[in-house]
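Undergrad: just coords:
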């Protein structure tokens, strides 16, 4: 991430959202790409209340995110090696992941960063209220370069020692992630960006 990327997120606020004329009322998600170059993509996702950005990954990517407006629930995971934990079950073709974040964010709040292997690389977003999220992806998704967006379905994880409890804490912290096709009910509508021009440096 460059200093420019950090400045973009730090300067983004509720006033900027109004100036960009973002659409929070369309029933589907709205995305606006501000600046797309070979090594970076800057975009804004606008989500109406209760909209869900399904569980998905960011392969080989670093992502800087800033909640511009509203509130949203973020749940994210990092993949772990099943041999590194004591567990007895393993669904076919599923990845074991540990919960990184499971909380509600309300603007204004700090920017967040995820990396290729840490920081919650696999996540889902649910709009609690109308909200907008600015993302800086470096590098961006690219089919040709093997950075394909994969969607997942999570399954409860069990098999940890219970230590006398009905459900161990580890059972709640870990989950199995199964790769799925893009959900049929997931749709993103393209929007027109009306804000200041962002130049690549």
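TA: Looks like it came in fine. Just so we're clear, the structure is a prediction, and the values are computed from it rather than from any experiment. Numbering: from 1, shown residues only.

Undergrad: wait, isn't residue 96 in contact with residue 80?
TA: Yes. Assessed by C-beta atoms under 8 Å, residue 96 is found in contact with residue 80 at 5.5 Å. Backbone N, C-alpha and C define where each C-beta goes, glycine included.

Undergrad: between the two, who's got more neighbours?
TA: Using other C-beta atoms under 10 Å, the more surrounded residue of residue 96 and residue 80 is residue 96, with 21 against 13.

Undergrad: assumed the more buried one was part of a strand.
TA: Yes. Assessed by DSSP: H, G, I helix; E, B strand; the rest coil, residue 96 belongs to a strand.

Undergrad: report pLDDT for the closest residue to residue 59 other than its chain neighbours.
TA: The shortest distance from residue 59 to any non-neighbouring residue, by C-beta to C-beta, 6 or more residues apart in numbering, is to residue 147 (5.0 Å). As predicted, residue 147 sits at a pLDDT of 92.

Undergrad: got it, and the one 5 residues further on?
TA: On the pLDDT scale, residue 152 is placed at 95.

Undergrad: I'd guessed it sits against residue 55; true?
TA: Yes. Here residue 152 reaches residue 55: they are 4.4 Å apart, a contact under C-beta under 8 Å.

Undergrad: need the residues touching each of those two.
TA: Here residue 152 and residue 55 have 122, 177 as joint contacts, going by C-beta atoms under 8 Å, 6 or more residues apart in numbering.

Undergrad: low-confidence stretches in this protein?
TA: Where the chain drops to pLDDT under 70, the residues are 1-29, 32-33, 35-38, 83-92, 158-172, 198-201.

Undergrad: do that again at 80, thanks
TA: Applying pLDDT under 80 to the chain flags residues 1-39, 82-93, 157-172, 191-201.

Undergrad: quick one: the helices in it?
TA: Using DSSP state H, the helices of the chain run over 3-11, 14-20, 169-173.

Undergrad: didn't residue 52 look like it was pressed against residue 131?
TA: No. Using C-beta under 8 Å, residue 52 makes no contact with residue 131, being 12.0 Å away.

Undergrad: between the two, which has more neighbouring residues?
TA: Set residue 52 next to residue 131 and count neighbours by other C-beta under 10 Å: residue 131 wins out with 26 against 16.
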